[in-house]
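Asker: What follows is a predicted protein model with its sequence.
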Amino acid sequence: MAGMAVFIHGMWGMPDVWRNWRAFAEARGWQTMAPALRHHDAPPLEPPAGLGTTSLLDYAADLETCLRALPEKPVVVGHSMGGLIALMLCARGVARAGVLLTPAPPASVIALRPSNIMAFARIQARWGWWRKPHRATRAEALSHTFNTTEPGLGTELHAAFVHESGRALFEIALPWLDRTKAATVDVRSVTVPLLFVAAYKDRLVPPGVVRRTARQFAPVADYRQYAGHGHWVPGQPGWDLIAADSFAWLDALAKKAPT
């Protein structure tokens with residue numbers, strides 16, 4: 001099924017988080033792109049003006065424009081918040097398949113768990129957090145994002161974290177309070193194949209949350225869960241196994257497609 005694969009990074013991320021996966025895909029004949037989400041090309045410690053109120057809808061609109069300009073529909077591969085955005089793009093009809101790695105859930109799935117509540121407790125303790133930029137501390141990142149990654153590597157990865165939108169966090173964490181319903185995805189509008197990938201030790205999007213999301217899209221969804229893995233699917237030890245399985249799944253789709 002080789003063609004174009006568009007990689008969508010998650011919260012606090014930049015396109016470089018996909019360096020392993022892009023090299024893996026390109027070695028197998030895929031073309032790849034990894035766009036930066038709006039305002040995510042800034043230095044790590046300098047939040048751009050306007051970032052705090054940037055919506056998931058803004059991120060999705062930018063990427064939709066990008067994908068519609070391609071000569072053919074790509075596969076979208078998204079991680080965490082990027083997984084939710086990838087799902088939104090599948091619902092908009094601009095992708096031919098979606099690989100959703102430990103994806104943030106749509107509004108129809110309640111994601112609150114003790115582990116992810118603790119991950120964002122400090123950020124959400126500030127008044128007005130829903131319209132301000134935020135960035136995880138090193139301790140928060142090591143405890144939640146990189147909990148199955150060697151601490152030295154986790155520290156290095158955290159140093160590259162950029163700021164994220166408070167608005168986007170609000171839309172994911174408290175969708176029932178969001179008047180715009182930004183994280184809402186109409187199940188009926190998703191007709192392309194989806195692969196949901198969960199990690200057993202994920203403290204940000206626990207596997208039960210991913211499983212519940214996959215069940216909502218059951219007619220087109222496959223679900224896989226990996227023992228021993230945490231949230232950092234793009235680069236934790238064993239990422240290559242998940243990448244190999246994901247692209248094997250995509251290759252299998254090509255064999256099933258009518259000739």
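Answerer: Good, I have the coordinates. What you are looking at is a predicted structure, and each value in this text was computed from that prediction instead of being measured. Numbering: from 1, shown residues only.
Asker: so where is the stretch 1-150 of the chain shaky, pLDDT-wise?
Answerer: 1 (pLDDT under 70).
Asker: And the strands in it?
Answerer: Along the stretch 1-150 of the chain, counting by DSSP state E, counting those that start in this stretch, strands occupy 4-8, 31-33, 75-79, 97-101.
Asker: could you check the angle strand 97-101 makes with the third one?
Answerer: For the pair strand 75-79 and strand 97-101, the angle between their directions (axes from the mean of the first three to the mean of the last three C-alpha atoms, to 10 degrees) equals 10 degrees.
Asker: swap in the first one?
Answerer: Computed by the same axes, to 10 degrees, the angle separating strand 4-8 from strand 97-101 equals 30 degrees.
Asker: Which strands and helices lie in contact with strand 4-8?
Answerer: For strand 4-8, the elements it packs on are helix 19-26, strand 31-33, helix 56-68, strand 75-79, helix 81-91, judged by 3 or more C-beta pairs under 8 Å, 6 or more residues apart in numbering; DSSP states H and E. Where C-beta positions appear, they are placed from N, C-alpha and C, glycine not excepted.
Asker: now what about it, what contacts it?
Answerer: Contacts of strand 4-8 from elsewhere in the structure, counted by C-beta atoms under 8 Å, 6 or more residues apart in numbering, are 15, 18, 21-22, 25, 30-35, 37, 63, 66-67, 70, 72, 74-79, 82-83, 85-86, 95.
Asker: Filter these down to the buried ones.
Answerer: Listed as buried from those are 15, 18, 21-22, 25, 30, 32-35, 37, 63, 67, 74-79, 82-83, 85-86, 95; burial here means 16 or more other C-beta atoms under 10 Å.
Asker: Could you count how many residues lie near Asn116?
Answerer: A count of neighbours around Asn116, defined by other C-beta atoms under 10 Å, yields 20.
Asker: Run through the residues that contact it.
Answerer: When contacts are counted by C-beta under 8 Å, 6+ apart, Asn116 touches 144, 203-206.
Asker: mind checking how far it is from Ala218?
Answerer: Taking C-beta to C-beta, to the nearest Å as the measure, Asn116 falls 24 Å from Ala218.
Asker: cool, Gly52 as well?
Answerer: Taken as C-beta to C-beta, the span from Gly52 to Ala218 is 36 Å.
Asker: same question, Gly230
Answerer: Using C-beta to C-beta, one gets 26 Å for the distance from Gly230 to Ala218.
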